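**Q** Model the structure of this input:
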Amino acid sequence: MKRSLIFTLLILLCASYASAQTRFQKKRIERLAVQIAEAYKAKNLSSLDRARLIRGSVKIVVDYVEETPETVRRFRSFKALERWLDRRVAKGLDNPGRFVRQFAGCRRGSCTFDDDGGSLHNQLYLFEVLYGYRKGRLYIKALHLWNGD
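**A** Okay, the predicted model is just below:
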């Protein structure tokens, strides 16, 4: 009787610990997604390099409204990504405005930003941040951008 009670309490304790750890991880990635969005809008993505969020490279996908094929690139740092975005503005390939909609939440490796409310021309929207865990460490897999032109 005592053993079954101790065993049951041990299982409940382990389950509550796992649940608390999952809630902590979810809050952490939500805070991180908001930080990425703020840095993207402020044109200061290079400040994220200190957190070492990229494992290998981060994939950038730019979707277009028209039938233009999407642009896919990989970068080893946020600083390189920022330089690429700045060059696209300078060449007139994308419009200078960066826009981030309200944060919707994170679920199953994807943090999204609300997609309703129409779109403005001359804006490059951040609408999804993909993340994962490798050896227990959080990293950013991809950023999806949408060109409202």
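
**Q** how about the strands in the protein?
**A** 58-64, 71-75, 97-100, 103-107, 110-113, 123-134, 137-147 (DSSP state E).

**Q** can you list these in JSON lines and add mean neighbour count, distance to residue 35 and mean pLDDT?
**A** For glycine as for every other residue, the C-beta is placed from the backbone atoms N, C-alpha and C. As requested, these are exported to JSON lines (neighbours: other Cβ atoms under 10 Å; distance: least, Cβ to Cβ, whole Å; pLDDT from 0 to 100):
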{"stretch": "strand 58-64", "mean neighbour count": "17", "distance to residue 35": "15", "mean pLDDT": "89"}
{"stretch": "strand 71-75", "mean neighbour count": "14", "distance to residue 35": "18", "mean pLDDT": "92"}
{"stretch": "strand 97-100", "mean neighbour count": "18", "distance to residue 35": "11", "mean pLDDT": "84"}
{"stretch": "strand 103-107", "mean neighbour count": "14", "distance to residue 35": "11", "mean pLDDT": "91"}
{"stretch": "strand 110-113", "mean neighbour count": "20", "distance to residue 35": "11", "mean pLDDT": "93"}
{"stretch": "strand 123-134", "mean neighbour count": "18", "distance to residue 35": "10", "mean pLDDT": "90"}
{"stretch": "strand 137-147", "mean neighbour count": "18", "distance to residue 35": "11", "mean pLDDT": "91"}
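
**Q** Which one of those lies nearest to residue 28?
**A** Residue 28 lies closest, by Cβ to Cβ, to one member of these: strand 137-147, at 6.8 Å.

**Q** Would you mind pulling up the elements that the closest one packs against?
**A** Using 3 or more Cβ pairs under 8 Å, 6 or more residues apart in numbering; DSSP states H and E as the contact criterion, the elements in contact with strand 137-147 are helix 2-41, strand 58-64, strand 123-134.

**Q** at 10 Å instead, please
**A** When contacts are defined as 3 or more Cβ pairs under 10 Å, 6 or more residues apart in numbering; DSSP states H and E, strand 137-147 sits against helix 2-41, strand 58-64, strand 71-75, helix 78-91, strand 110-113, strand 123-134.

**Q** Looking at those, which is nearest to residue 48?
**A** Per Cβ to Cβ, nearest to residue 48 of those: helix 78-91, 4.5 Å.

**Q** Since that was my last question, I'll sign off now.
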